[in-house]
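1. structure of the sequence below:
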Amino acid sequence: MAEPSGGPTSEQVAADIAAAAGLLARRLRYTAPAGGLTASQRSALVRIHDEGPATTAALARAEHIKPQSMRLTLGVLEEQGLVERTPDPTDGRQSVVSVTGHGRAVLEGVRAAKQTWLSKVIAEELDADGRRTLADAAALLRRLTEK
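-> Okay, here's the model as predicted:
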């Protein structure tokens, strides 16, 4: 499975990256306090926070779920004070969902916990060369994912 140059094949690198990314994602998920939210609730809250207010139908399409399921998810988030609904300015029959101040604070806490854990592990486990290598790899991964 080696390239002509003797290095790993693109397939092997892809498999290694996918495995490492999965492990990292799981570790970050378990490191941060969930705040009592399910994965689908966290995903919807992050999407609304990062992409801005949206209708239930638009969120359902973006999350690849049925509108009925998204309505249930948003209902829980609304009950917890993490999102709020306001009338859609262009279509009075619909409402737009946006993140509340409390929702932003919850997300910031989750993200801070993840960042703190990862920063600590990097500082404890990697020397300057290792950190530089990891920074280069992160830049390459970003470039690949933007394709």
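2. residue ranges with poor pLDDT in the chain?
-> The chain contains residues with pLDDT under 70 at 1-4, 34-35.
3. what ranges do the helices span in it?
-> For the chain, the helices defined by DSSP state H cover 10-31, 39-51, 56-63, 67-79, 101-125, 128-145.
4. next, the angle helix 56-63 makes with the second one.
-> When you say that, I think you mean helix 39-51. Angle of helix 39-51 versus helix 56-63, following axes from the mean of the first three to the mean of the last three C-alpha atoms, to 10 degrees, is 100 degrees.
5. so what touches helix 39-51?
-> With contact meaning C-beta atoms under 8 Å, 6 or more residues apart in numbering, helix 39-51 is reached by 29, 34, 37, 54, 59, 62-63, 65, 69-70, 73-74, 76-77, 82-83, 97-99, 103-104, 106-107, 110. Where C-beta positions appear, they are placed from N, C-alpha and C, glycine not excepted.
6. before we move on, the earlier item: any idea which of the helices of the chain gets closest to Thr90?
-> Across the helices of the chain, Thr90 has its closest neighbour in helix 56-63 (12.4 Å, C-beta to C-beta).
7. now that closest one against helix 67-79, angle please.
-> Here helix 56-63 runs at an angle of 110 degrees relative to helix 67-79 (the same axes, to 10 degrees).
8. just checking, what packs against helix 56-63?
-> helix 39-51, helix 67-79, strand 95-99 (3 or more C-beta pairs under 8 Å, 6 or more residues apart in numbering; DSSP states H and E).
9. columns distance to Glu124 on top of the ones you listed, output as TSV?
-> Output for those, formatted as TSV (distance: least, C-beta to C-beta, whole Å):
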stretch	distance to Glu124
helix 39-51	27
helix 67-79	36
strand 95-99	34
